[in-house]
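Q: Okay, here's the prediction I keep looking at, along with the sequence it came from:
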Amino acid sequence: MANLLNTLIDDIEFEYEHHPRLLMCIAIILTYLLMAVQSYFALPRSPLSVFLDTWEMLIFVIPLCFIILRLKVRNILFFGIFYFILGFFIGFLRLPSFIKIEYATISFLVGIWFIGDWYNYKRFKKSLFSELLRGNYYLAFGLLLSTVVLGSIIEFLNAPSALWWYRWPFPSIEVMGVPVFLAAFGWFPWIFAMFVFLYPFALKRPKKL
């Protein structure tokens, strides 16, 4: 079993180093499908109802795959401004009305992430996007592992006291009152939005004395 796991990890690392764009898009699409499937098992209903509950995530999935496949600085800035404004409109003006208000926060955070990433690339010629799309396996694995572990720990520690709570936009499988999908993937926008401001410190070189 250990050998099989090591082989799988080595294969993923190899594919990511050589085909990072394709692998990232596949991972994003599979995550969306996993979200829809777990929502169905949480509350069995028609496929159309599941799609109507989860289609808003495609507003983030499709542009993200577009940016990954055709990385251009102007695209990152354009979508960053778009998501930032969209988050403001959804959260404060409830517009457009066909998008659930729960998506205001994620839109705002993704906007911050993209704008910050655009600035990093213009300033340092490097950014989270550029490094991930160069096949930086250690950065990708570190972000994935830290986000899933940190998110799960924080959400399960919060469950008994409920210091904060969520208006979850679609049915989700829960463990100890915590939506499993949220615990595993819900902290990605927060981590990326925060890390994009810390990333420049990793790029700066100390001044020579």
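A: Great, that's in hand. Residues are numbered from 1 along each chain as shown.
Q: Could you list the buried residues of stretch 162-182?
A: Using 16 or more other Cβ atoms under 10 Å as the test for burial, stretch 162-182 gives 168-172, 178-182. Placement of C-beta: from N, CA and C, glycine included.
Q: Can you pull up the most central residue in this structure?
A: residue 188 (4.3 Å; Cα atoms, centre = their mean).
Q: Tell me, what's the model's pLDDT at that residue?
A: Residue 188 carries a pLDDT value of 89.
Q: what's the answer for residue 185, then?
A: 86.
Q: residues near the closest residue to it other than its chain neighbours, how many?
A: The spatially closest residue to residue 185, leaving aside those adjacent along the chain, is residue 31, at 6.4 Å (Cβ to Cβ, 6 or more residues apart in numbering). Number of residues near residue 31 (other Cβ atoms under 10 Å) recorded here: 15.
Q: do the same with residue 183
A: Counted with other Cβ under 10 Å, the neighbours of residue 183 add up to 22.
Q: So which residues make contact with the helix or strand harbouring it?
A: Following DSSP states H and E, one finds residue 183 within helix 180-185. With Cβ atoms under 8 Å, 6 or more residues apart in numbering as the test, helix 180-185 has contacts from 31, 34-35, 38-39, 147-148, 151-152, 155-156, 166, 168, 172-175.
Q: at 10 Å instead, please
A: Contact with helix 180-185 is made by 31, 34-35, 38-39, 42, 144, 147-149, 151-156, 158-159, 166, 168, 170, 172-176, 186, as judged by Cβ atoms under 10 Å, 6 or more residues apart in numbering.
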